[in-house]
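Colleague: Got a sequence here, can you model it:
(one chain, ligands or ions: 2)
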Amino acid sequence: MSSIVGNKLKLSIFGESHGNGIGAVIDGLPAGEEINYLELNEFLKRRSPGKKFTTKRVEKDEFEILSGVKKDYTTGSPLAVTFKNSDATSTDYEKIKNIPRPSHADYTANIKYKGYADLNGGGHFSGRLTAPMCFAGGIAKQILERKGIFIGAHLKSVGDIEDIDFKDIELSDEIFKSILNRELPILDLEAEKNAKNYLEEIQKEGNSIGAIVQCGVIGVKAGLGNPIFDGIENNIAKIMFGIPGVKGVSFGSGFESAKMKGSEHNDEFYFKDGIIRTYTNNSGGIQGGITNGMPIVVDVAIKPTASIFLEQNSVNLDTGENTKLKIMGRHDPCIGIRAVPVVESLVAFTLLDFII
Ligand SMILES: Cc1cc2nc3c(=O)[nH]c(=O)nc-3n(C[C@H](O)[C@H](O)[C@H](O)COP(=O)(O)O)c2cc1C
Ligand SMILES: C=C(O[C@@H]1CC(C(=O)O)=C[C@@H](OP(=O)(O)O)[C@H]1O)C(=O)O
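Modeller: Ligands and ions are numbered 1, 2, ... in the order given. Down below sits the predicted model:
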């Protein structure tokens, strides 16, 4: 399995959704970095399940640090952390263990691991594994904030309902913080109301819906990154696809760029208070794999949750017959909602890897 990412700063993720626990080893954190546990726990809560519009599985996401921290400061040696799984209901999965859920990893994992993988609750492929990702990212965010770099994400869209585009506004840490007070991480109040109503309908239907998580970064100076295969875009895109359910990653105007003329897309320069800025930010803060000093803006397309409660076609891997599938259990109606802090985390982790 390849559950390790990073260059100078490495993140290794382990565990299964219904096993004893999950966790991470973070290697390469600088020594002497303070960890604010209050802030870290608040951050982890943004991802935790069990709230409105999420799966009803209740996990407190309390962690135990085994190494790498002394008296609230990183020691510089590998930081190992574990989280217990305390609310797994494996019977929901035992009943359908030979019938793969369409578009989850059941079928592909079954083939690759010859039937040996523990796939209850999605096993190692589960969104549960994003808890240790947020632990690593929460620490990275704290380190970056001390360097004047701030990161925030929101739901740019839920189905057809659209929020304000980060690319089109002057981003600030105040804007990032304002999203934290919302029931859904959406800036525009009307869009938030529409999304809540729509999610209620989707839940009633037993269905799910896709979303775009958009993340902004302010405070990164021009000149960070590399060309060709090791740029900021390359590394952010790679880590984003580690989030279960991610189907697309784009920067700035992304796929819309393909429809634009050069005169519309080019980000023209100007000086403001001695700093070079651009009037537009279609590049999403990155050109040639290197930051240009404008906010980094990355869009992450998240598919609708595969586990829906409607009857679907599948196959019985034991009997070799076509069959109907009706699942049980507790599932997120829209993965995007809880993926917001996960996207922030992995953007933070990647930028810290470039900076240290
Ligand atoms: C925070 C989070 C929560 C998720 N919750 C669910 C869920 O409740 N049910 C489900 O079927 N998939 C859920 N997923 C997505 C699956 O884990 C994912 O679709 C599956 O592992 C297959 O991976 P892929 O979609 O990247 O191909 C969630 C993902 C994340 C990031
Ligand atoms: C447990 C979490 O999310 C889980 C992610 C998930 C999946 O298939 O990805 C399926 C569900 O698992 P279960 O069927 O055991 O309730 C979610 O609850 C979590 O995020 O902590």
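Colleague: which one is the closest residue to ligand 2 within the stretch 151-300 of the chain nearest to, not counting chain neighbours?
Modeller: Nearest residue of the stretch 151-300 of the chain to ligand 2 (CB to the nearest ligand atom) works out as residue 244 at 5.3 Å. In this view, the C-beta of every residue, glycine as well, is placed from N, C-alpha and C. Counting by CB to CB, 6 or more residues apart in numbering, the nearest residue to residue 244 once its immediate chain neighbours are dropped is residue 127, at 5.1 Å.
Colleague: Residue 245 is in contact with the one you found, correct?
Modeller: Yes - in this structure, residue 127 is within contact of residue 245 by CB atoms under 8 Å, at 6.9 Å.
Colleague: my read is residue 82 is in a strand, agree?
Modeller: Yes - Residue 82 sits within a strand when classified using DSSP: H, G, I helix; E, B strand; the rest coil.
Colleague: Which residues are in contact with the closest residue to it other than its chain neighbours?
Modeller: Leaving aside its chain neighbours, residue 82 sits nearest to residue 23 (3.9 Å; criterion: CB to CB, 6+ apart). Residues near residue 23 by CB atoms under 8 Å, 6 or more residues apart in numbering: 13-15, 80-83, 132.
Colleague: Neighbour-wise, which one of the residues you listed leads?
Modeller: Among the contacts of residue 23, the one with the most neighbours (other CB atoms under 10 Å) is residue 132, at 27 neighbours.
Colleague: for that one, helix, strand, or coil?
Modeller: Once three-state DSSP is applied, residue 132 turns out helix.
Colleague: where does the residue of the stretch 151-300 of the chain closest to ligand 2 sit relative to residue 353, distance-wise?
Modeller: Going from residue 244 to residue 353 by CB to CB, to the nearest Å gives 21 Å.
Colleague: Likewise for residue 86?
Modeller: Residue 86 is 32 Å from residue 353, by CB to CB.
Colleague: so how far is ligand 2 from the residue nearest to residue 82?
Modeller: 13 Å (CB to the nearest ligand atom, to the nearest Å).
Colleague: Tell me the bridge partners for that residue.
Modeller: residue 14, residue 82 (DSSP bridges).
Colleague: Any idea how far apart the tips of stretch 291-303 sit?
Modeller: Using CA to CA, to the nearest Å, one end of stretch 291-303 lies 28 Å from the other.
Colleague: buried set for stretch 249-258?
Modeller: 249-254 (16 or more other CB atoms under 10 Å).
Colleague: got it, and stretch 264-275?
Modeller: 265, 267.
Colleague: and it, how far out from the chain's middle?
Modeller: Taking CA atoms, centre = their mean, to the nearest Å, one finds stretch 264-275 lying 31 Å from the centre of the chain it belongs to.
Colleague: What of stretch 250-265?
Modeller: 24 Å.
Colleague: go on, stretch 143-150?
Modeller: 19 Å.
Colleague: Only the buried residues of it, if you could.
Modeller: In stretch 143-150, counting by 16+ other CB under 10 Å, buried: 143-145, 149-150.
Colleague: Run through the residues that contact residue 284.
Modeller: By CB under 8 Å, 6+ apart, the neighbours of residue 284 are 167, 250-254, 296-298.
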